[in-house]
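Peer 1: from the sequence below, what's the structure:
(chains A, B, C and D)
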2 protein chains.
Amino acid sequence: MHISTKTEYAVRGLAELAMHDSKNPISIVEICAKQNLPQKYMEQLFRKLKKAGLIKSIHGAKGGYLMNQDLNTISLGDIMKAVDENLAQKYCEEDSPHREFCIGKPCGFHTLWNEIEEHLHEYFDSIKLDEILKKIIKKQYLEI
Amino acid sequence: MHISTKTEYAVRGLAELAMHDSKNPISIVEICAKQNLPQKYMEQLFRKLKKAGLIKSIHGAKGGYLMNQDLNTISLGDIMKAVDENLAQKYCEEDSPHREFCIGKPCGFHTLWNEIEEHLHEYFDSIKLDEILKKIIKKQYLEI
DNA sequence: GGGATAACATAGTAATTTAGTATGGATTGG
DNA sequence: CCAATCCATACTAAATTACTATGTTATCCC
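Peer 2: Below you'll find the predicted structure:
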């Protein structure tokens, strides 16, 4: 039960992207240089973020990535869902080895795990990228 | 970001234990039979639960496990901490490869992840075993 | 006391996931 | 055309997870 590095890297990358001049694309190479992240890995993550509609890209030389949404419409949950595929878990499903040992139908454990997941999703969805940025930038100014 | 099977199994086992006659110990073998869980694996988990003080054991024939606390003092968080060791994560620590790329000191990301972890811990600590039991038993009665 | 039962302890292994690398193709600016 | 950059997929290495195996110690009951 922890934040995956995929999520951590994606947030770091998006933070750099968001702090960058919004008129000009920033390349993966530049983002990785600034945050010391593995380039090819980040390429994969950023393609997923694009697929999810959070960012957009410009091909070729002088290309790179740009934000595709307002920062206050992108949540940590969106980022996690985009990069960290098997986020949702199915409990007590047909193929579960404990299916026949479920207590009640729907199984009480099933219900419990689903309620927990729901809470977690709501929580992560409530944390928006603009708040994250504010937090980071504020820290930055306070210390420099 | 999901509930580990360790946690799931531990909760299932504890539920059986809690529903069992509190005067007589119940063995791992019996618990595993009721919930179709791997015995040796459960032994390990139950030893951890004992080490954490949630349950107690009686050696030898006719032995087994008993609860060691009131159900309303045991939280899902306690269970997770007991069985799922590396729950706590350290971000932006000395040995992190991104240490020098942290933004601000303390790093804004660091602060963010820690706040998130804190929220998660508070949440899991708020879910008590008695509530879990009530939920399961209620379901059971409704359906039988 | 001896055998059965059950907790205790640790080592080993198999499966899965995570994190990352490698290789190459497609697109664009200059 | 060529360098920069995104796109796509396959592969691999490391770590974690989920077990299994083997044996020990403690207790009950005959």
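Peer 1: for chain A, longest helix please?
Peer 2: Longest helix in chain A by number of residues (criterion: DSSP state H): helix A:108-126.
Peer 1: does chain B sit close to that helix?
Peer 2: Yes: residues of helix A:108-126 contacting chain B under C-beta under 8 Å from any C-beta of the partner chain: A:108-109, A:111-113, A:116-117, A:119-120, A:123. Yep, even glycine has a C-beta here, placed from its N, CA and C like the rest.
Peer 1: in stretch A:28-40, which residues are buried?
Peer 2: Neighbour-count burial for stretch A:28-40, counted by 16 or more other C-beta atoms under 10 Å in any protein chain shown, picks out A:28, A:31-32, A:34-35, A:37.
Peer 1: chain A: strands as residue ranges?
Peer 2: Counting by DSSP state E, one finds strands in chain A at the ranges A:55-58, A:64-67.
Peer 1: quick one: closest of the ones you listed to DNA strand C.
Peer 2: Nearest to DNA strand C, of all these, is strand A:55-58, at 6.8 Å by C-beta to the nearest atom of the strand.
Peer 1: buried residues in that closest one?
Peer 2: For strand A:55-58, the neighbour count (16+ other C-beta under 10 Å) marks A:55, A:57 as buried.
Peer 1: ok so, going back, now, which of the buried residues of stretch A:28-40 lie within helices?
Peer 2: Counting by DSSP H, the members of the buried residues of stretch A:28-40 that fall within helices are A:28, A:31-32, A:34-35.
Peer 1: what parts of chain A come near DNA strand D?
Peer 2: Contacts of chain A with DNA strand D, taken as C-beta under 7 Å from any atom of the strand, map to A:25-29, A:40, A:43-44, A:46-47, A:50, A:57-65.
Peer 1: drop anything exposed from those residues.
Peer 2: Neighbour counting over those (16+ other C-beta under 10 Å) leaves A:25-28, A:46-47, A:57, A:64-65 as the buried ones.
Peer 1: that older thread, output the contacting helices and strands for the longest helix of chain A.
Peer 2: The contact analysis (3 or more C-beta pairs under 8 Å, 6 or more residues apart in numbering or on different chains; DSSP states H and E) places helix A:108-126 against helix A:76-83, helix B:5-19, helix B:108-126, helix B:129-143.
Peer 1: for residue A:68, which non-adjacent residue is spatially closest?
Peer 2: Distances taken as C-beta to C-beta, 6 or more residues apart in numbering or on different chains place residue A:56 nearest to residue A:68, at 4.3 Å, with adjacent residues excluded.
Peer 1: wait, what's in contact with that neighbour?
Peer 2: Residues in contact with residue A:56 (C-beta atoms under 8 Å, 6 or more residues apart in numbering or on different chains) are A:50, A:65-68.
Peer 1: what does chain A have sitting close to DNA strand C?
Peer 2: Close to DNA strand C, as judged by C-beta under 7 Å from any atom of the strand, chain A has residues A:4-6, A:9, A:38-41, A:44, A:58-63, A:86.
Peer 1: with adjacent residues omitted, what lies nearest to residue A:50?
Peer 2: The nearest residue in space to residue A:50 (C-beta to C-beta, 6+ apart) is residue A:57, at 5.7 Å.
Peer 1: what about residue A:110, neighbour count?
Peer 2: Counted with other C-beta atoms under 10 Å in any protein chain shown, the neighbours of residue A:110 add up to 22.
Peer 1: residue B:73 is nearest to which of the helices and strands packed on helix A:108-126?
Peer 2: Closest to residue B:73 of those is helix B:129-143 (C-beta to C-beta; 8.4 Å).
Peer 1: tell me the mean pLDDT for the closest one?
Peer 2: On average, the pLDDT along helix B:129-143 is 79.
Peer 1: hmm, residue A:12 is touching residue A:38, no?
Peer 2: No: checked against C-beta atoms under 8 Å, the pair residue A:12 and residue A:38 is beyond contact range at 11.7 Å.
Peer 1: okay, now the unreliable bits of chain A?
Peer 2: Chain A contains residues with pLDDT under 70 at A:86-106, A:138-144.
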